[in-house]
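> I need the structure of the sequence given here:
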Amino acid sequence: MRNPQRARDLAKFLAPALEHAGGIAAEPGSPDGCSCQDKVAGPAEPAVDFAIGLELREVRKKVPSPRNGEGGQAAGEFGDRLTKVLEGDDHAVDVLWALLAGRGDQPRADALPESIAGPPKGGSTNGNVSAAGGRKRSEGGSRPSGLPGKTADGLRRAWVNLCMNAIVGLVLFLAWWLAWPPLQVRPQAGALSLEVFAVWSLSFLPGWLYIRFLGQRAGALWDEYVLNLHRLRWDKPRHLPRPPLNSDFYAEWLGDGGPLLAHHSNIYQQKFDAYYGKSVSRTGHGEGPPVRVEALFPVFLTTAALAVCWTGVLWSPSFTSAPASFWDVLKFGFLGAYSFILQMLVRRFFQGDLRPAAYANALLRLIVVLILVAALYQILPHDNPRGAAAVAFVIGFFPLAGMQAIQRFAATALRVVVPSLNPPYPLNQIDGLSVWYEARLLEEGIEDMQSLATANFVDVILHTRVPVGRLVDWVDQAHLYLHLDRLEGTWRERRHAKAGASPQNGDGQPRSPDLPSIAAGSVTESMRAGSKTRTALRQLGIRKATDLLKAFPAECLDPGKELVPGSPWQKYLTEVAVSGLDQAQLRTIVRVLNAEPSLAPVWNWQERGIRKYVPPTREVLVMTAQPAGVG
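Numbering: from 1, shown residues only. The predicted model follows:
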């Protein structure tokens with residue numbers, strides 16, 4: 001025995017747990033007792049508990065049963081008999097010591113599974129073990145006042161509902177107290193009731209979506225998140241959370257030593273718990289995070305702002321047919337912003353991505369739109385209020401358009417160069433990335449293709465709830481476009497590209513056409529070479545970086561490898577060059593993308609996904625002809 005003291009310490013630590021788990025008078029797995037594996041292992045418990053249970057079951061089998069008539073004496077000698085077994089089994093001692101996180105002094109009581117750590121009926125057997133069980137129970141959180149879970153959650157949602165109704169009611173009361181009647185004209189009771197109901201419903205609806213969202217269960221969020229991490233192979237399998245038992249990644253995680261690290265702190269689970277709550281990651285289902293006043297403050301503030309704005313809009317609804325003043329134009333800007341906010345919240349509600357931060361972003365958008373409309377109104381023609389109202393509505397939906405208009409006007413009036421707000425590689429040039437997803441990614445600090453290509457997959461998956469396959473495809477496209485020259489970004493560039501304006505130098509004279517084909521267009525503002533290359537690749541069916549590497553393998557087109565004249569690849573590149581692709585440019589891009597480390601998660605996602613069905617081979621029975629007269 002290499003370390004008899006460790007075996008004695010381990011036996012002293014485990015004896016009460018084994019007595020509590022299966023009893024000393026019954027063999028594990030017998031009808032009168034239960035094995036440690038049955039008591040420890042469970043579908044919702046950590047895999048390390050399962051490993052501890054398996055090892056304890058094997059140790060328990062080696063402990064000799066008590067002799068007849070010596071049950072009471074055997075109970076006192078159980079620890080001695082367990083010590084003798086462990087002193088003769090170095091493997092069991094080493095494994096159990098590692099699983100229980102021993103560090104040379106004593107095993108950690110908080111590493112023992114709760115199902116065998118609790119005291120048996122009639123009292124506690126080990127103070128440390130009982131403390132461990134209490135600690136684990138306290139980690140999951142306790143519900144105040146002893147109410148059932150569904151009742152407590154229902155009361156919390158009712159309280160939030162009451163608060164938002166009180167906010168809307170307070171705004172209406174103050175409007176009536178301070179400014180009634182509007183314009184000294186008292187409206188009819190029916191019209192007034194309809195306006196009050198409209199203010200209440202339109203102000204209460206966005207906040208109600210969050211109340212309804214709190215009642216939804218987050219059942220598959222944790223398993224889906226873990227499966228995505230393993231499919232992306234974002235880290236070594238043993239450092240990732242345990243995947244579901246019936247997934248293809250479980251055997252990989254188990255073989256890499258995952259159970260030995262499962263009970264240690266994990267950065268991926270910490271991020272998930274910080275965003276969704278511990279109950280979701282520990283049980284695989286449960287309610288969302290508890291309702292807290294500080295977390296709901298953006299919801300209450302947005303509800304109050306909407307109630308004030310809708311009260312001002314519906315105070316005199318005649319503006320809808322005949323806008324005439326600045327305030328009428330400002331109301332149309334609010335209507336455009338509200339249309340976008342409501343659609344955004346509804347989409348995030350159905351995508352399971354509705355959080356208080358969405359309401360903070362909605363409030364920010366509302367403030368920015370009102371300020372932009374007020375500034376842009378100064379340069380709009382005042383003799384056409386209907387046109388100004390339509391422009392204000394569009395700015396409410398797309399605030400960036402208003403900012404660009406003000407920027408261009410300032411650049412013209414001041415005769416200075418104002419920094420452009422258009423990035424050279426905007427997100428709207430990526431296939432499938434709509435304005436809704438663009439606004440959602442902007443909340444996470446992803447403003448252009450470069451930000452998307454270098455973003456942390458784990459954070460984007462966790463925070464945005466964008467389907468991972470779609471996100472991987474966007475990143476794949478961004479990597480290809482970032483290695484090409486940019487497309488036409490402004491209206492002037494697109495107009496020159498369609499007109500085919502000839503390149504000009506700084507003096508306004510036509511530029512010499514003696515330019516390399518790879519640079520023709522990139523050195524002018526008339527036609528970007530990136531649009532030519534992108535169009536040529538699209539005609540070949542190539543729309544992302546991995547498509548390019550599949551169509552032109554790096555091992556065949558590496559610039560350091562000379563192509564044999566008349567070889568198939570040499571002929572193919574010659575044919576491709578006719579469509580506008582430069583051979584040297586293509587081979588260089590292929591080499592650069594093949595060495596791009598950020599594409600590793602993209603390749604992992606494609607290779608570790610759904611497998612292609614391969615039909616089983618059928619055995620063909622071959623009948624050989626026999627000579628006549630045989631048989």
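
> In contact with His483, which residues?
His483 is in contact with Ala545, Ile589, Val592, Leu593, counting by C-beta atoms under 8 Å, 6 or more residues apart in numbering. C-betas here are computed from N, CA, C, even on glycine.

> Likewise for His479?
Listed by C-beta under 8 Å, 6+ apart, the contact partners of His479 are Ala453, Lys544, Ala545, Leu593, Glu596, Ser598, Leu599, Val602.

> Point me to the helix or strand that includes it.
helix 468-482 (DSSP states H and E).

> Next, the buried residues of that helix.
For helix 468-482, the neighbour count (16 or more other C-beta atoms under 10 Å) marks 468, 471-482 as buried.

> Please apply the same query to stretch 320-335.
Those buried within stretch 320-335 under the rule 16+ other C-beta under 10 Å are Pro323, Asp328, Val329, Leu330, Lys331, Phe332, Gly333, Phe334, Leu335.

> remind me which residues of the stretch 151-300 of the chain are low pLDDT?
Residues of the stretch 151-300 of the chain that meet the criterion pLDDT under 70 lie in 151-154, 156, 180-187, 214-220, 277-295.

> Look at Leu421 and give its secondary structure.
Secondary structure assignment for Leu421 (DSSP: H, G, I helix; E, B strand; the rest coil): coil.

> For it, list the residues it contacts.
When contacts are counted by C-beta under 8 Å, 6+ apart, Leu421 touches Leu400, Met403, Gln404, Gln407.

> distance of it from Ala360?
22 Å (C-beta to C-beta, to the nearest Å).

> can you give me phi and psi for the closest residue to Lys62 other than its chain neighbours?
Take Lys62 and drop its neighbours on the chain: the residue closest to it by C-beta to C-beta, 6 or more residues apart in numbering is Val85, 4.7 Å away. As for Val85, its main-chain torsions (degrees, to the nearest 10) stand at phi -70, psi -50.

> Val85 - how many residues pack around it?
Counted with other C-beta atoms under 10 Å, the neighbours of Val85 add up to 18.

> Would you confirm that it contacts Glu58?
No: using C-beta atoms under 8 Å, Val85 is not in contact with Glu58, being 10.0 Å away.

> so where is the stretch 451-600 of the chain shaky, pLDDT-wise?
In the stretch 451-600 of the chain (pLDDT under 70), the answer is 488-530.

> what about 50?
Scanning the stretch 451-600 of the chain for pLDDT under 50 picks out 501-527.

> all helices for it, in order.
457-464, 468-482, 491-499, 529-539, 545-551, 554-557, 568-577, 583-594, 600-607 (DSSP state H, counting those that start in this stretch).

> could these go into JSON lines alongside distance to Tyr210?
Below are the helices of the stretch 451-600 of the chain laid out as JSON lines (distance: least, C-beta to C-beta, whole Å):
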{"stretch": "helix 457-464", "distance to Tyr210": "17"}
{"stretch": "helix 468-482", "distance to Tyr210": "24"}
{"stretch": "helix 491-499", "distance to Tyr210": "39"}
{"stretch": "helix 529-539", "distance to Tyr210": "41"}
{"stretch": "helix 545-551", "distance to Tyr210": "39"}
{"stretch": "helix 554-557", "distance to Tyr210": "49"}
{"stretch": "helix 568-577", "distance to Tyr210": "53"}
{"stretch": "helix 583-594", "distance to Tyr210": "43"}
{"stretch": "helix 600-607", "distance to Tyr210": "32"}
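
> ranking those by burial, who's on top?
Burial of the helices of the stretch 451-600 of the chain is given as mean neighbour count (mean count of other C-beta atoms under 10 Å); helix 468-482 ranks first at a mean of 21.

> Extract the C-alpha set from the strand or helix carrying Asn361 and format it as CSV.
Asn361 belongs to helix 356-376 when elements are defined using DSSP H and E. Extracted C-alpha coordinates of helix 356-376, given in CSV (Å, rounded to 0.1, in the frame of the first residue of the first chain):
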residue,chain,number,x,y,z
PRO,A,356,-34.9,43.8,-19.5
ALA,A,357,-32.0,45.1,-21.7
ALA,A,358,-34.4,45.0,-24.7
TYR,A,359,-36.5,47.7,-23.0
ALA,A,360,-33.5,49.8,-22.2
ASN,A,361,-32.6,49.7,-25.9
ALA,A,362,-36.2,50.5,-26.8
LEU,A,363,-36.1,53.6,-24.5
LEU,A,364,-32.8,54.7,-26.0
ARG,A,365,-34.2,54.3,-29.5
LEU,A,366,-37.2,56.4,-28.6
ILE,A,367,-35.1,59.3,-27.2
VAL,A,368,-32.7,59.2,-30.2
VAL,A,369,-35.6,59.3,-32.7
LEU,A,370,-37.3,62.3,-31.1
ILE,A,371,-34.0,64.2,-31.1
LEU,A,372,-33.2,63.3,-34.7
VAL,A,373,-36.6,64.4,-35.9
ALA,A,374,-36.3,67.7,-34.0
ALA,A,375,-32.9,68.4,-35.6
LEU,A,376,-33.9,67.2,-39.1
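
> Only the buried residues of that helix, if you could.
In helix 356-376, counting by 16+ other C-beta under 10 Å, buried: 356, 358-363, 365-366, 368-370, 372-373, 376.

> any idea which of these is closest to Pro616?
The closest of the buried residues of helix 356-376 to Pro616 turns out to be Ala358 (C-beta to C-beta; 50.0 Å).
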